[in-house]
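Enquirer: Provided below for reference: sequence and predicted model.
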Amino acid sequence: MDLTVVAYVVYLAISGALTVWVAWTLSRAGRVFLADVLHGNEKLAEAVNHLLVVGFYLVNLGFVALYLKGGDNIGNTRELFEALSVKVGVVLLVLGGMHLANVYVLNRIRRRGIMERDQIPPVPPQGWTGGPSPWTAPTAPTPPPAGA
């Protein structure tokens, strides 16, 4: 059998397994994070988590398929390992980059939600506590007396 075909099969097996493992790990560990980002809405967090996993699979498996074609023919075992290391290394970098991008975006959303929560007072204002109010309502000017 041609070693190039062996490289393709091994590359697809390793890349596919890595993509599934990373997606499963991120999905399982990301549920709590998404629930916090979405203010405890578990149903919405589960839906967003599922959509993120589907998008993750589509992008990564699409990249794996596009990156399948190699530039050189593989003639011996050493070249087989070198080609596989480059291909699998690039796939790992793409998986890591996508993971960091997802965490960055979700963290930005989470921070915005925390800032919005912190701006709302826990109890609405009910009056002044330090004596008379420092603010007085404007009064309309009184008209001059008639005949003056």
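Expert: That came through, no problem.
Enquirer: hey, which helix is longest across the chain?
Expert: helix 77-119 (DSSP state H).
Enquirer: what about it, average pLDDT?
Expert: For helix 77-119, mean pLDDT is 83.
Enquirer: name all residues that make contact with the residue nearest the centre of the chain.
Expert: By Cα atoms, centre = their mean, the mean C-alpha position of the chain lies nearest to Asn102, the distance being 2.5 Å. The neighbours of Asn102, taking Cβ atoms under 8 Å, 6 or more residues apart in numbering as the test, are Leu26, Leu52, Phe56. (Glycine included, C-beta is placed from N, CA and C.)
Enquirer: distance-wise, check it relative to Val53.
Expert: Taking Cβ to Cβ, to the nearest Å as the measure, Asn102 falls 10 Å from Val53.
Enquirer: now Leu12
Expert: Counting by Cβ to Cβ, the gap from Leu12 to Val53 is 20 Å.
Enquirer: re the thing from before, quickly list what's touching both of Asn102 and Val53.
Expert: Leu26.
Enquirer: residues in contact with the host helix or strand of Ala47?
Expert: In the assignment (DSSP states H and E), Ala47 maps to helix 42-66. Outside helix 42-66, the residues within contact range by Cβ under 8 Å, 6+ apart are 11-12, 15-16, 19, 22-23, 26-27, 30-31, 34-35, 37-38, 91, 94-95, 98, 102.
Enquirer: out of these, which end up buried?
Expert: 11, 15-16, 19, 22-23, 26-27, 30, 34-35, 37-38, 91, 94-95, 98, 102 (16 or more other Cβ atoms under 10 Å).
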